[in-house]
Every structure is written in C-alpha cells, then in structure tokens.
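Participant: Can you look at this prediction? I've put the sequence above it.
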Amino acid sequence: MASFALTAIAAGALYSCKPKGAQAAVSGDAAEKAYVAPGKYDEFYNIVSGGFNGQLNIYGIPSGRLFRVVPVFSQSTESGYGFSEETKPMLNTSHGFVPWDDLHHLAISETNGEHDGRWVFVNGNNTPRIARIDLSTFRTAEIIEIPNSAGNHSSPFITENSEYVVAGTRFSVPLDDQNGDVPINTYKQNFRGTVSFIHPDPTTGNMSIAFQIKTPGVNFDLARAGKGKSHGWMFFSCYNTEKANTLLEVNASAKDKDFIMAVNWKKAEEYLKAGKGKKEAVKYAHNVYNESTHTATSTMMNEVTTLDPKECPDMLYFIPCPKSPHGCDTDPTGEYIVGSGKLAALIPVFSFTKIQQAIANKTYDGDYDGIPVIKYDAALYGEVQKPGLGPLHTEFDGKGNAYTSMFVSSEIVKWNIKDLKVLDRVPTYYSIGHLSIPGGPTAKPYGKYVIAYNKITKDRYLPTGPELTQSAQLYDISGDKMKLILDFPTNGEPHYAEAIPASMLMNKQRKIYKIEENMHPFAAKGEGQTKVVRNGNRIDVYMTAIRSHLTPDNIEGVRIGDEVFFHVTNLEQDWDVPHGFAIKGANNAEILVMPGETQTLAFKADRVGIFPFYCTDFCSALHQEMQGYLRVSPAGSNVALLFSTGKNNGATANPADSSKAKTTKP
Ligand code: K7E
Ligand code: CUA
C-alpha cells in the first residue's frame, strides 16, 4: 500500500514540477519495474566505469542504487587506498607514483564464454595499466603497467576462458627500446602500435604479459574476442589509418574506410612456441596486493616478449570498415562482428566464416604495411541501413537481436542480426556512449534490460553549477519494444559497464580477515601486543582498534622531526565493523581498517603540542569516545617514550617546557 502511495506522489511530481523541456518519458507503470522495495535485493550488480575519476562504481539493477565506489587508479579518501603505506605501491609505475588515471572499460572473467564472477579487469588509459579487482572483496588486487603503449584505450577485452586480457594502444608512439627523440612529423617512419596479451593465472588471477604484437602505427580504439567458432581470434577497430600526426579531426577522417584488425592469437602462440618471440628491454611496474600481509608490493619488470608480423605471416589481417570505427563487437555465437563507424551512415556486419574463406582464397585488396587487407565484400555479411547517426557500441540480448548506441542521434537502435532490419528505437537523454545488457558481451546474455550511459543530462536533473551529472538510463527489453523505466545519475563519467546476476556474487563475499592469519609485520593481534618502538627518528606504533577504544590511546615521547607510523590492527571479527583512524595535521587521508586487517597511516611531527587522534567510522554508541592523544615535544627533549590505555603512568612535564613557561610569564 505504502508503495502505491509513493509512486502516485512521484508520478504527480514528475508532471507538476516538470522543468521546461524535461521529458516525462516514464509512466507510473513502467517505473514500478525499477522499484526495489526497501529491504529487497536487486537482481543484478552493475559494474560501471567511473571514467576520468579512475574508479569503478557498483550499482544495483533495476533500482540504480549506488552500493560502492571501488578505487582502482585513484586515491580514495574514503578507504585510504593510495594513502595508506600498504596501498601506495599499488599506484607505482615506471614514471613513479601516479595516483590517477582514466578508466574506460572493464571485462568480467569468463569460463566457457560465460561470466564466472571471479574478477573484473579494467584499463587505465593515460599511463597504460590494467587492474584486476577481486569480486569477493570489491578491492583492487593487482595492477600491471603496459610497456610499448600510450593511451591504453582498446583495453581490456577478455577471451572465452580468460586465457588473455587484451590491450591495444590508442596512440602509436616510438617503441620503448627505440630512440623516441624524433621529429613528430616522422610519424609514418617511427611510430608503431602494439597489442598486448596479458595472461591471468587461472587459479590466482595473477597477471603477466605473455606477449605483445607489433603493428602498423594506427590508433586502436576498441576490441572484442572471438567466441565459439571464432575463439582464438581477436578483433580490434582501428582509426587514423591515414597515420596523421596533427589535426586528426580532419586528417584522420580522410579515408572512406579504416580497418578492423583480426588477430589469430592461436597462431601467435604457435610462433611463440617456435621461438619467434623477441625479448626486448622495457620498464614497467607490476603491483600486487597480498591479503595475508595486507600490503602491496611493486616490482619493476624489465623485459617483454614481442612478435613482429613480418616474421609471423597469417597472424594479422585487416578488414576495411567504414569510417573511423569505434566499437567492434562480436555476437554471442561468435559468427558476426559488428563495426560501428562513428562517421558512417550504416553498420557493417562481418561474417567470421566469410573472413576464413577470404583468407583461404586470398581474396585480398593488397596489403597495408605488409599485412593482407581482405576485400570488404569478401568479409561482409551485410549492412544495417539507416540505423541512426554516430553508431558507437553494440550489445546483444541472446535472442538474435543487437542493440547499438547512437551518439549523434541520441538513441538506442535494436536490430535483428540475421536480416539486419531495424526493429525498434528509443531516445536517450542525451548523447549515449556505451550501453550494457546483463551478460551482453558473453556467449549467453541474460537479456532483460539495456542500460544507456549518457554524456549529457541537461534538463533531466537539478542543476549543480557549471557541471551537470552524467547518467544512466534503464530500459526494459523483455518485450518487442524497449521501454524506459529509470534514470539514475552516475559517479564520474561512465564509459563501459557490465551487469552480472546478484546470485553469482552475493554469497561469496568476504566478511572478515581472520586475525590469526594476519601476517602484517606490524600487526598487533591482541592488545597485549601493542607497543611503541623508536628507531632513530622513526616511531612505529603497534595499535589495535576494537569497540570502543584504541590501544594505546596516550602516547608521549615523540619529538619534532620524528616520523610516526600508526599501524592500526582492527581486532573485530564481525562482518561490516571497520574502524577508521585519523590524526590532526597528518598530510594524508584517514585509513579505514577492515576486521582482522592492519593498515598504516604515516604522520610527521612538525610542531610541539598535543595531537588528538580518533576513529572516523561510526562503529558503536561509544564511537565518539574512540579517541586518544599524541604528545609531541621539542627536538632533543628527554621526555620518555610512554604509551598506555586506561591508566596514567606517571609521565612528567618536560623541564625545558616548564622553565620556558615560567620565564614567559609577565
Ligand atoms: Cu566509447 Cu572510451 Cu569505450 Cu567511452 S569509449 S563512450
Ligand atoms: Cu571505531 Cu568508531
């Protein structure tokens, strides 16, 4: 009953308070479909890229409720990720500490072409990196930097059994072991692309770069792995086949067709086995978070294996694709490859079977930098005519239909894969980029919904200064016609997203870290193990947190110039009882420590005084009492190092301080 009343009020508000120009596109009935009653769970987890905030956002579908922001390439003031001493190494690169990146795409791990719910891989565009997030903790477990790359955009795309997570360069550049100090207008001679095949260990997920393929100096935009019959192949969209190095908006749009690059990676594996791989000197960071020491390590790697297509025939092919293709998506059967030319007035659909025939018959249109170019018609299954303007990305519902996002005409267009006829179109508000159907990129889509991720929301939401929110929109696709059922704002700019059934993740969530398994070198596994140790100017505080006190909570004997490391171990062994820790004047964030975990906040003593510290997470009725004091004395003071909780152990005033106090009295 209460829900009816709520809906009626919401619907009323939609009409009566509608700002000028707003679209009242959802009727009360449709909105019911997105309504998840208080206390009820959502049907899907929606894992959404945060774009230029470098994070990953976790929403519920169909409610659109935001559950969590997972920091990946960016520091988090909420959890202390990238601020705590343990997590700083996660953001190390060959360029040093890089606490930001631009996260566009993600790929959930797969087994037999279907989601297996173990990990999600994401890309850092700017300083090329791939991260692995563990879906039982929703925390970043590993980050690997990609050498020989710049603008890691066509990345990451995963193969059917997670054999590889694949990453292509957007910007071709001189390779890392070449002299890069060349005139920019020697692009054609000196700039090269690469595509990297990263192998996650099937058991641990730990990533290593298996090999890189050197390619002509084009821009790789997006990619998809083959599946089913096309398993063993990878397809990349390329633009700037003109190899322009300036004013690309004109100079990279000169040609009528660019390419989709088809990579036979099984063939690449054969060449590797036959010893065709070359070891090259490069430098890249590999960062791993260890869940028993609760600490990340960063290792600098110095070698990568490359394959040169000149020595490896039948490994790469180009397929002409009109005009500056963006998305390149394979359907659930693996037979159809959809190229979305941003500037094209049609959508070409290529046939894997025809591509194989064309290769067997050498139906080529010459070559591009020595790589065979398959004749357009020989690879083409057909074209979707008049789909709309600015096709970007395509997802599939598993019922023989494809859904393509149209950036320029702001719509989703549904079409049939077999006869290429447009079946339905719905407006999006506005300028849709990616779209996502639960399971849409896999061999077995779950269907049911399509979610649009929009760049522009003018007139959809209350305005917030010069920048308006970006947003997602949820459409019901269970019937013949798509139906808008919900708008929800997003955190950051959403690019790609995937949705996975709640049942695959909700029962495998980690609840605590076992205190007896804590291998952190500075852990105090009980209050009896707490201590404060001086080593020159370094002071280590082995601290514990449990409802509702910190041990020790009185610390004296610290001097100006000391660096104090607060190693806080959370002794709780209950789900969802983190404790926070912050201290006045720390040039840092706070830290948030999960049950059984140890995290460290560094603090530099820069002035004499009393520095309160406290728990930042409201953990009990006496949370506000969860506090303590650090006394900082002048450099050279002889105040003894003392620490305690619940008793006063006879610390005395510094004689220097009291004499000073006397003499300054008028
Ligand atoms: Cu189309 Cu970077 Cu995937 Cu965004 S990209 S929209
Ligand atoms: Cu612990 Cu508040």
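Facilitator: Nice, I can see it. Ligands and ions are numbered 1, 2, ... in the order given.
Participant: which parts of the stretch 551-666 of the chain sit against ligand 2?
Facilitator: 579, 615, 617-619, 623, 626 (C-beta under 6 Å from any ligand atom). Backbone N, C-alpha and C define where each C-beta goes, glycine included.
Participant: Equivalent analysis for the chain, please.
Facilitator: 545, 579, 615, 617-619, 623, 626.
Participant: rerun at 5 Å
Facilitator: 579, 615, 617, 619, 623, 626 (C-beta under 5 Å from any ligand atom).
Participant: Export those to CSV and append columns for secondary structure.
Facilitator: Putting the residues of the chain next to ligand 2 into CSV (DSSP: H, G, I helix; E, B strand; the rest coil) gives the following:
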residue, secondary structure
His579, strand
Cys615, coil
Asp617, coil
Cys619, coil
His623, helix
Met626, coil
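Participant: so where do the strands sit in the stretch 201-350 of the chain?
Facilitator: Secondary structure of the stretch 201-350 of the chain (DSSP state E, counting those that start in this stretch): strands at 207-215, 219-225, 233-239, 257-264, 278-290, 295-307, 316-322, 325-330, 336-341, 346-351.
Participant: ok, and for the first one, which residues are buried?
Facilitator: If I follow you right, that is strand 207-215. Going by neighbour count (16 or more other C-beta atoms under 10 Å), the buried part of strand 207-215 is 207, 209-215.
Participant: How about Tyr429: what's its closest non-neighbour residue?
Facilitator: Arg460 (5.3 Å; C-beta to C-beta, 6 or more residues apart in numbering).
Participant: quick one: what helix or strand has whichever residue of the chain sits closest to ligand 1 in it?
Facilitator: Closest approach of the chain to ligand 1 (C-beta to the nearest ligand atom) occurs at Gly433, with a separation of 2.7 Å. Using DSSP states H and E, Gly433 sits in strand 432-436.
Participant: Pull up the pairing partners for that strand, direction included.
Facilitator: When pairing is defined by DSSP bridges, strand 432-436 lines up against strand 449-454 (antiparallel).
Participant: Quick one: residues in contact with the partner strand.
Facilitator: For strand 449-454, contacts defined as C-beta atoms under 8 Å, 6 or more residues apart in numbering pick out 44, 46, 48, 61-62, 395, 397, 403, 405, 412, 428-438, 440, 470-477, 482, 490, 494-497, 499.
Participant: Keep only those of these that are in strands.
Facilitator: 44, 46, 48, 61, 395, 403, 405, 412, 432-436, 470-476, 490, 497, 499 (DSSP state E).
Participant: would you turn the strands of the stretch 201-350 of the chain into CSV with distance to Ile198?
Facilitator: Below are those laid out as CSV (distance: least, C-beta to C-beta, whole Å):
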stretch, distance to Ile198
strand 207-215, 5
strand 219-225, 13
strand 233-239, 12
strand 257-264, 14
strand 278-290, 11
strand 295-307, 11
strand 316-322, 18
strand 325-330, 19
strand 336-341, 22
strand 346-351, 26
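Participant: Turn those into TSV, including distance to ligand 1 and mean pLDDT.
Facilitator: Formatted as TSV, these follow (distance: least, C-beta to the nearest ligand atom, whole Å; pLDDT from 0 to 100):
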stretch	distance to ligand 1	mean pLDDT
strand 207-215	19	98
strand 219-225	6	98
strand 233-239	10	97
strand 257-264	16	97
strand 278-290	22	98
strand 295-307	25	98
strand 316-322	16	97
strand 325-330	6	97
strand 336-341	9	96
strand 346-351	15	97
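Participant: so which of those strands comes closest to Asn648?
Facilitator: strand 295-307 (34.8 Å; C-beta to C-beta).
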